[in-house]
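Student: generate coordinates for the sequence data below:
(2 chains, ligands or ions: 2)
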Amino acid sequence: MFMIEMSEVYKTYPNGVSAINGISVKINKGEFVYVVGPSGAGKSTFIKMMYREEKPTKGSITVNGIQLSKLRNTKVPIFRRNLGVVFQDFKLLPTLTVYENVAFAMEVIEEHPKQIKKRVMEVLDLVGLKHKARMVPTELSGGEQQRVSIARSIVNSPQVVIADEPTGNLDPETSWEIMNILEEINNRGTTIVMATHNRDIVNNLKRRVIAIDNGKIVRDEQRGEYGYEY
Amino acid sequence: MSIRTVGRHFRESGKSLTRNGWMTFASVSAVTVTLLLVGVFFVIMMNLNHIAENIQKDVEIRVHLDPAADDHNKDLIGKKIEQISAVDTVAFSPKEKELTNLIDEMGEDGKTFELFEQDNPLNDVYVVKTKKPTDVVKTAKQIEKFQYVQSVKYGQGYVEKMFDVVNVARNIGIVLILGLLFTAMFLISNTIKITIVARRREIEIMRLVGATNSFIRWPFFLEGAWLGILGSILPIAFIAVAYSYIYDFASPRIKIKFVELLHFNPFIWQISLILLLIGAVIGVWGSLMSVRKFLKV
Ligand SMILES: Nc1ncnc2c1ncn2[C@@H]1O[C@H](COP(=O)(O)OP(=O)(O)OP(=O)(O)O)[C@@H](O)[C@H]1O
Ligand SMILES: [Mg+2]
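Tutor: Ligands and ions are numbered 1, 2, ... in the order given. Predicted structure coming up:
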């Protein structure tokens, strides 16, 4: 069974823009997938439909065995517990410490406090920020903030991590730190789907590449290249 | 939901109140002003109602019997009146008693009526009380049709008018109170909305990491309740103190029949409870209204 499966998916936004124009794709458990393409190609839309931030206008999507078209609105939160989401702008809460930001994701699903403490320290260790647990996000560099956000996305041990330009705001060196962490997470068995504009990363850390243009998949290669000039 | 989670929701609601200090102040003030007005209206209305009830309770129907009726006819009329379902009590008052009552009531002037003692011009009377004051008119009309009933008297015109006045006053009061309540809810939902825009990010992240809508809603629900409860403290205190002063001052001085204030106890407890509940309800309502649009999944 596939981790993520889309068949004949179309998405037209209420304003009439058709962002996705017939996409079918299968992503296996444990895969690492780059999603590339020019700006406005539909990468973010493609990704948002995976965690049900957007609903397709047509076609069917299955994630982790759940058919999203049949998922009731009230069940969406439960569904999201099986995936982690990472963004370009980190989406951390500025008033909470690093520890609290990560623990937040476990409190919200009502985990036991002992369990929370143990697990949060574990993932902070994984991203190398154990010693900065008491700081607030504004005291951290961009790369460190993104590491916190990754720690939060994996703290509930999701099957899939979905990342939309996680290195978009970071310099090359910091971007590689983030990639190393994502690679490590992938090595532990978590499926990763990552939209990116970072040619250097895609060409050096070779994985499956799905290229989207005009809302369609124009290329899908194992160990692919970034390709385009953008 | 576990106790731990309940604790978390309480903490979060408290944190938010202190973090958004000015908004808390604004919302609480809105509730305070509203409840003060609502409370004063309530006190006035309930007292008016009480007075109206006193007067209404005193309304009775006096059934004057035809002098031609013999004892048997009189008994029959009494029984028929008793059978009317709206009737509470029926008392027979013979014309001799009517005359002595009249003489007593008139005081000195009444002396002249003593002349009539030999040849009493008054009628025997049945004094009828209804279970509900509002049934007086209907019941009187019914009794009027009985044989050997000469006339019925219940303060025609006056009773109807009084019922009208009480009804109109009650309706105006209800409309005013409802208007005030809606204004307060609107104010609260708007102030909370401002704090929520700032917390939009927090809600967005909660939804991303899998918090259910009810989990997200709980702290807002509690926060609204706090705002309402905090807002009701001042009005309750003010009304309790003011009412006890007014009661102590006015009660001994009022000499008008039927007019008396509601006793401080339990009236003030009832009013306080009502204000507290209204405060909590408008707070919760305002709060949940403003969080609603951020929870569309
Ligand atoms: N919420 C929305 N409402 C309406 N149109 C939208 C919305 N989000 C995206 N679009 C449109 O859909 C198309 C695809 O947008 P999308 O964000 O998926 O592109 P992208 O590939 O992620 O671009 P970028 O590389 O710049 O992030 C664009 O034309 C965009 O204007
Ligand atoms: Mg995008």
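Student: can you map out the strands along the stretch 1-150 of chain B?
Tutor: For the stretch 1-150 of chain B, the strands defined by DSSP state E, counting those that start in this stretch cover B:61-65, B:87-93, B:125-130, B:149-153.
Student: could you do chain A as well?
Tutor: A:4-12, A:18-27, A:32-36, A:58-63, A:66-67, A:83-87, A:160-164, A:191-195, A:208-213, A:216-221 (DSSP state E).
Student: closest to ligand 1 out of these?
Tutor: Closest to ligand 1 of these is strand A:18-27 (CB to the nearest ligand atom; 3.4 Å). For every residue, glycine as well, the C-beta is placed using N, CA and C.
Student: residues of stretch A:71-84 that come out buried?
Tutor: A:71, A:76, A:77, A:79, A:80, A:81, A:82, A:83, A:84 (16 or more other CB atoms under 10 Å in any protein chain shown).
Student: keep only those of these that are in helices.
Tutor: A:76, A:77, A:79, A:80 (DSSP state H).
Student: want to throw the strands of chain A into a markdown table with distance to residue B:27 and mean pLDDT?
Tutor: Shown next, in a markdown table, are those (distance: least, CB to CB, whole Å; pLDDT from 0 to 100):
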| stretch | distance to residue B:27 | mean pLDDT |
| --- | --- | --- |
| strand A:4-12 | 41 | 97 |
| strand A:18-27 | 41 | 96 |
| strand A:32-36 | 45 | 97 |
| strand A:58-63 | 41 | 96 |
| strand A:66-67 | 41 | 94 |
| strand A:83-87 | 33 | 94 |
| strand A:160-164 | 37 | 96 |
| strand A:191-195 | 42 | 97 |
| strand A:208-213 | 47 | 96 |
| strand A:216-221 | 51 | 95 |
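Student: in TSV, list the ones you listed along with distance to chain B.
Tutor: Shown next, in TSV, are the strands of chain A (distance: least, CB to the nearest CB, whole Å):
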stretch	distance to chain B
strand A:4-12	17
strand A:18-27	20
strand A:32-36	19
strand A:58-63	14
strand A:66-67	13
strand A:83-87	5
strand A:160-164	10
strand A:191-195	15
strand A:208-213	23
strand A:216-221	26
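Student: biggest helix in chain A by residues?
Tutor: Identified as the longest helix of chain A according to DSSP H is helix A:172-187.
Student: which non-adjacent residue is nearest residue B:67?
Tutor: residue B:123 (6.4 Å; CB to CB, 6 or more residues apart in numbering or on different chains).
Student: how about the contacts made by that neighbour?
Tutor: Contact analysis of residue B:123 by CB atoms under 8 Å, 6 or more residues apart in numbering or on different chains lists B:64, B:65, B:66, B:67, B:95, B:98, B:150.
Student: number of nearby residues for the last one?
Tutor: If you count neighbours by other CB atoms under 10 Å in any protein chain shown, residue B:150 ends up with 15.
Student: drop anything exposed from the contacts of residue B:123.
Tutor: With burial judged by 16+ other CB under 10 Å, the buried subset of the contacts of residue B:123 is B:64, B:65, B:66, B:98.
Student: need the residues of chain A near chain B, please.
Tutor: A:51, A:73-74, A:76-81, A:85, A:91, A:93, A:95, A:104-105, A:107-110, A:113, A:152, A:156 (CB under 8 Å from any CB of the partner chain).
Student: all set now, cheers.
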